[in-house]
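**Q** Predicted model and sequence follow; I will ask about them next.
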Amino acid sequence: MADAAIFYDGLSARRRAVSIRITSSSLDVEEAGQWIASWPVGKVRRADAPEGVLRLVLQDEPGLARLDIFDGALQSAVQAACPRLHASNPKEKIGRIVLWSAAAAASIVLCVLFLVPVVAERMTPLVPASWEKRLGQAVDNQIRLIVGDKICSDPQGSAALASLTARLRSSNPAAEEIDIQVLDSRVPNAITLPGGKIYLFRALLEKAEAPDEIAGVLAHEMGHAHHRDSLRKLIQTGGSSYLFGLLFGDVTGSGALVFMSRMLVDNAYSRDAERAADAFAGQTMTDLGRSSAAMAHLLKRIEGNESKLPAFLSTHPVTDERLKVLERLVPREQGAPLLTNQEWRALKEICKTS
């Protein structure tokens, strides 16, 4: 059937009008009566093509040769002669799977690195405070499963903590919703949950030598709460967790809350978030007439005495730059001590009845 098909040899862009002779074993391709190629009918496969076109290729052939058939009668004859016309090409299928999988993985990684942080930054201010508190409660339950659920509640120690909290709040009216508790944990750390709850871990309290050191830590955490850094981190981590869930098959997001809670305990904030929290803590402490560098000195002292980096230092690294900035924040007048000696001893022993 003459001029019923177009042949491309895969070596050049030449478009060749051809005729097809169908035998029991092959499709013979001829141009102007001259033989060009013979395709074994068992190796002929159908490829994607525009509507109305039957596009043929050869399985396992390294070249890009193809045959486009436009005549309806010839299409029917070819389909009848080629028994494996619609069989899939395993190499082509695997190649496409690998290609699309790699593209999907790359796009997810790019989203995690660049898109998710931007989305988290934009979404955080839009989340109502009531939603943030409910989310914080869910995270709280997971945090206490991870690090322990014993809240230190010695009456005298709790009174001292309440007194210190009130002093810190006095210079920051926006911090009225902050709730500070001591968690009986051997990990030296302090964390802020969405909604304004702050946990000071017993091990960090035990390493402090003065009320100003702990006050600086709490003021720093109040800065994270004020700037909603934990909520932002949770949104970012949750988005990343969901995207990786799509990549690895956990499309339901099961375990995402546990993963996000663990990230709040183990992951550092951004440098900008740490600087902003430092500025908040520095302003709070100088307003009270106390040293804003006390927290940094506490952490530097711990860092020098520990063979393994404590949790709080890994999540809130104290660089020389941050230390110098805090040391420059000196109050104009020395304020009254934040706690009496008796209150400080009581706070240090707040976990003795837990």
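**A** That came through fine.
**Q** Which parts of the stretch 51-200 of the chain are helices?
**A** 72-81, 90-110, 116-123, 129-147, 155-170 (DSSP state H, counting those that start in this stretch).
**Q** counting contacts, what elements does the first one pack onto?
**A** Judged by 3 or more Cβ pairs under 8 Å, 6 or more residues apart in numbering; DSSP states H and E, helix 72-81 is in contact with strand 16-22, strand 54-58. (C-beta placed from N, C-alpha, C; glycine too.)
**Q** and the angle from it to strand 16-22?
**A** 50 degrees (axes from the mean of the first three to the mean of the last three Cα atoms, to 10 degrees).
**Q** Looking at helix 72-81 now, give me its mean pLDDT.
**A** In this model, helix 72-81 has an average pLDDT of 91.
**Q** what's the answer for the shortest one, then?
**A** Regarding helix 116-123, the rounded mean pLDDT is 79.
**Q** which helices and strands sit right next to that helix?
**A** Going by 3+ Cβ pairs under 8 Å, 6+ apart, helix 116-123 lies up against helix 229-248.
**Q** coming back round to it: any chance of the helices and strands packed on helix 72-81 in TSV, with distance to R46 too?
**A** Output for those, formatted as TSV (distance: least, Cβ to Cβ, whole Å):
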stretch	distance to R46
strand 16-22	15
strand 54-58	6
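**Q** Of all the helices of the stretch 51-200 of the chain, which one is nearest L183?
**A** L183 lies closest to helix 129-147 among the helices of the stretch 51-200 of the chain, at 6.7 Å (Cβ to Cβ).
**Q** and the closest one, how far out from the chain's middle?
**A** 18 Å (Cα atoms, centre = their mean, to the nearest Å).
**Q** quick one: the helix or strand hosting A215 to helix 129-147, angle?
**A** Per DSSP states H and E, A215 falls inside helix 211-226. Helix 211-226 runs at 130 degrees relative to helix 129-147, counting by the same axes, to 10 degrees.
**Q** what angle separates helix 211-226 from helix 155-170?
**A** Using the same axes, to 10 degrees: helix 211-226 against helix 155-170 is 60 degrees.
**Q** With only the CA atoms kept, save helix 211-226 in PDB.
**A** Extracted in PDB, the C-alpha atoms of helix 211-226 (Å, rounded to 0.1, in the frame of the first residue of the first chain):
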ATOM      1  CA  PRO A 211      18.800  33.300  89.400                       C
ATOM      2  CA  ASP A 212      19.800  35.600  86.500                       C
ATOM      3  CA  GLU A 213      21.200  32.700  84.600                       C
ATOM      4  CA  ILE A 214      17.800  30.900  84.700                       C
ATOM      5  CA  ALA A 215      15.900  34.100  84.200                       C
ATOM      6  CA  GLY A 216      17.900  34.700  81.000                       C
ATOM      7  CA  VAL A 217      17.100  31.300  79.700                       C
ATOM      8  CA  LEU A 218      13.400  31.800  80.400                       C
ATOM      9  CA  ALA A 219      13.400  35.200  78.900                       C
ATOM     10  CA  HIS A 220      15.000  33.800  75.800                       C
ATOM     11  CA  GLU A 221      12.300  31.100  75.600                       C
ATOM     12  CA  MET A 222       9.700  33.800  76.100                       C
ATOM     13  CA  GLY A 223      11.100  35.500  73.100                       C
ATOM     14  CA  HIS A 224      10.600  32.300  71.000                       C
ATOM     15  CA  ALA A 225       7.000  32.200  72.300                       C
ATOM     16  CA  HIS A 226       6.400  35.900  71.600                       C
END
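**Q** which helices and strands sit right next to that helix?
**A** Judged by 3+ Cβ pairs under 8 Å, 6+ apart, helix 211-226 is in contact with helix 155-170, strand 190-192, strand 197-201, helix 202-207, helix 271-287, helix 294-305, helix 341-348.
**Q** Most tightly packed of those?
**A** Highest mean neighbour count among these (mean count of other Cβ atoms under 10 Å): strand 190-192, with a mean of 26.
**Q** and that strand, which strands flank it?
**A** strand 197-201 (antiparallel) (DSSP bridges).
**Q** Tell me the gap between the partner strand and the middle of its chain.
**A** Worked out by Cα atoms, centre = their mean, strand 197-201 lies 24 Å from the chain centre.
**Q** swap in stretch 295-302?
**A** Stretch 295-302 sits 30 Å away from the centroid of its parent chain (Cα atoms, centre = their mean).
**Q** try stretch 277-288
**A** The answer for stretch 277-288 is 30 Å, by Cα atoms, centre = their mean.
**Q** Show residues contacting it.
**A** The contact list for stretch 277-288 (Cβ atoms under 8 Å, 6 or more residues apart in numbering) reads 167-168, 170-172, 212, 215-216, 219-224, 226-227, 229, 269, 291-292, 294-295, 322, 325-326, 329-331, 335, 338.
**Q** Contacts for stretch 199-208, please.
**A** Residues contacting stretch 199-208 (Cβ under 8 Å, 6+ apart): 143, 147, 152, 180-193, 214, 217-218, 221, 298, 301-302, 310-312, 347-348, 350-351.
**Q** Pull out the buried residues from these.
**A** Applying 16 or more other Cβ atoms under 10 Å to the contacts of stretch 199-208, the neighbour count classes 143, 147, 152, 180, 182-185, 187-193, 214, 217-218, 221, 298, 302, 310-312, 347-348, 350-351 as buried.
**Q** picking up where we left off before, how many degrees apart are the helix holding A215 and helix 271-287 in direction?
**A** Using the same axes, to 10 degrees: helix 211-226 against helix 271-287 is 130 degrees.
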